[in-house]
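Q: Model the structure of this input:
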Amino acid sequence: ASHNPGGPGEDFGIKYNEAFGQPAGEEFTNALYERSLKIESFKTLEDAEEIDLNGDVGTTFALTETSTVTIIDPFEEYITTLKECFDFQKLNEFGKRPGFSILFDGMHGAGGPFARRVLIEELDLPESSLLRCDPKPDFGKCHPDPNLTYASDLVKKMGLNPDGSADLSADSASIPTLGAANDGDGDRNLIAGAGCFVTPSDSLALICDNWESIPHFAKAGGPRGVARSMPSSAALDVVAEARDIPCFSTPTGWKFFGNLMSSKELFDKTDYTPFLCGEESFGTGSDHIREKDGLWAVLAWMSILQKANVDTPDDAPLVGVKEIVMKHWATYGRHFYCRYDFEGVDSGDANEVMDLIRNSFVDGDVSAVEVDESGIKLTAAEEFGYTDPVDGSKTSKQGLILSFEYSNGDTARVVFRLSGTGSAGATVRMYLEKYEKDVANHEESAPQMLKSLADRALGLVQMEELTGRDAPTVIT
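A: Next up, the predicted model:
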């Protein structure tokens, strides 16, 4: 319901979070499901007091003798929490630096009013910093996913081509220092600098490496734990190893991060907080609310930029996102990364693709697979499973991983996962990753750098033959 239009004839749903703010775990949701099977009837309210959602804070409406609804301020506690994570005074001062500007695209979602409250009212940034920050039930007929495809207006304004590469014809003087987009329910984010798109995996790794810039981490001496979803790139792993921070690779789903964040309180095990985590699907978060939080990620990047420019004179160009990213890659290497989505695939055809990978490669002999003219060799295949280090629960069939080696010895991997295998069809997701240490290649376009790997993988799994798709619906 969070990313689809709501209302009559459209979607409706709720998201339930548990005591510490973490997503509901499987034990709870399974119990809830079992209880739902026993429902025999339900009651509705008649002649109840009409609730004015625009009423003053503190207004209470009686539904029954024992049930009331109270209007609260959704901003107050959130702003208080953000001020515990970041130095708002420093961010306010940095926002007034000559040459600094930010453009935040709310995509007509729920995050827009929060962006206004934080960026405009708290940090005193100009109104021109906001784009599409007025919420609309149908998201203004746009698709509120903060990626290169659906945030195209922001992408263009940041001096980028649709594939995320720099648009060399863009007027550099008009490009904001920092660009960001939020999704329909405000929890995901896109980060970009002038002529520089930051992949979610790189963003997570950079926040980890620059934890000294963020008071939430700095006052604790850094994160005590970090995690990424398995399909995300290993950029975080490299930083965590260098920084001696425990790092976890989990199945996709924030509930797995929730267990790690609640390890001490709920299970009396290792305390991993303060905690940093993220997914390749543009989600980044910490233990401040134990959910992904788009605006938190934006303030994290503002904080990184602020610290990077402490010694920059007022009359000198600011150190920008691109300079920070390039320096990071020079230190750790670049993990070229992108995702191909084949949407609306017949569910039977999609499962045939997955079965072929399992039967031919995971359970088969990859050494028997011949190397084609690309020179890219399949070296291993596995199906990802996860044993939760906190509660010991096991999760299987979380993605099929094909490992490759280029003729020059460079390594790469391709992950295949299914999403939404319902009556409307399935989405086959293919995640591509190639590690590159050579600085001379770091400015290449990711889709271009990964094209031969994509072609090799698609050929091996017979995507076109089995699904009839000769190209992905979306590349992000």
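
Q: Show residues contacting stretch 402-416.
A: When contacts are defined by CB atoms under 8 Å, 6 or more residues apart in numbering, stretch 402-416 is touched by residues 230-231, 353-354, 357, 361, 375-381, 384, 399-401, 428-436, 453-454, 456-457, 460-461. Any C-beta I mention is one placed from the backbone N, CA and C, and that applies to glycine too.

Q: Buried among those residues? Make that a ChimeraX selection.
A: What follows is the ChimeraX syntax selecting those of the contacts of stretch 402-416 that are buried according to 16 or more other CB atoms under 10 Å:
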select :230,231,353,354,357,361,376,377,378,381,384,399,400,401,428,429,430,431,432,433,434,435,436,453,454,456,457,460,461
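
Q: quick one: low-confidence parts of the stretch 351-476 of the chain?
A: For the stretch 351-476 of the chain, residues meeting the criterion pLDDT under 70 lie at 421-424.

Q: now do 50
A: Applying pLDDT under 50 to the stretch 351-476 of the chain flags the ranges 421-423.

Q: for the chain, same thing?
A: 1, 421-423.

Q: Which helix in it has the most residues?
A: Criterion DSSP state H: the longest helix present in the chain is helix 294-308.

Q: Figure out how far that helix is from the centre of its chain.
A: Computed by CA atoms, centre = their mean, to the nearest Å, the separation of helix 294-308 from the middle of its chain amounts to 15 Å.

Q: Just after that helix, pick out the following helix or strand.
A: Using DSSP states H and E, the helix or strand that directly follows helix 294-308 along the chain is helix 321-332.

Q: the inter-axis angle of that following helix versus helix 294-308?
A: Relative orientation of helix 321-332 versus helix 294-308 (axes from the mean of the first three to the mean of the last three CA atoms, to 10 degrees): 80 degrees.

Q: I'd like to know which elements helix 321-332 is packed against.
A: Of the remaining helices and strands, those touching helix 321-332 by 3 or more CB pairs under 8 Å, 6 or more residues apart in numbering; DSSP states H and E are strand 189-193, strand 196-198, helix 200-209, helix 235-243, helix 294-308.

Q: returning to what we had before: what are the buried residues along the longest helix of the chain?
A: Of the residues in helix 294-308, those buried by neighbour count under the rule 16+ other CB under 10 Å are 294-308.

Q: orientation of that helix relative to strand 189-193 in degrees?
A: Between the axes of helix 294-308 and strand 189-193, defined by the same axes, to 10 degrees, the angle is 30 degrees.

Q: Including distance to Q22, could the helices and strands packed on helix 321-332 go into a markdown table?
A: Supplementary listing: the helices and strands packed on helix 321-332 in a markdown table, determined by distance: least, CB to CB, whole Å:
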| stretch | distance to Q22 |
| --- | --- |
| strand 189-193 | 19 |
| strand 196-198 | 26 |
| helix 200-209 | 18 |
| helix 235-243 | 20 |
| helix 294-308 | 15 |
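
Q: Ok, which of these comes nearest T64?
A: With CB to CB as the criterion, T64 lies closest to helix 294-308 of the helices and strands packed on helix 321-332, at 36.2 Å.

Q: who's in contact with the closest residue to N210 other than its chain neighbours?
A: On the basis of CB to CB, 6 or more residues apart in numbering, the spatially nearest residue to N210 that is not a chain neighbour turns out to be I304, at 4.7 Å. Remark: with contacts taken as CB under 8 Å, 6+ apart, I304 is in contact with 206-207, 210, 213-214, 324.

Q: how much space is there between I304 and G425?
A: From I304 over to G425 the distance is 40 Å, taken as CB to CB, to the nearest Å.
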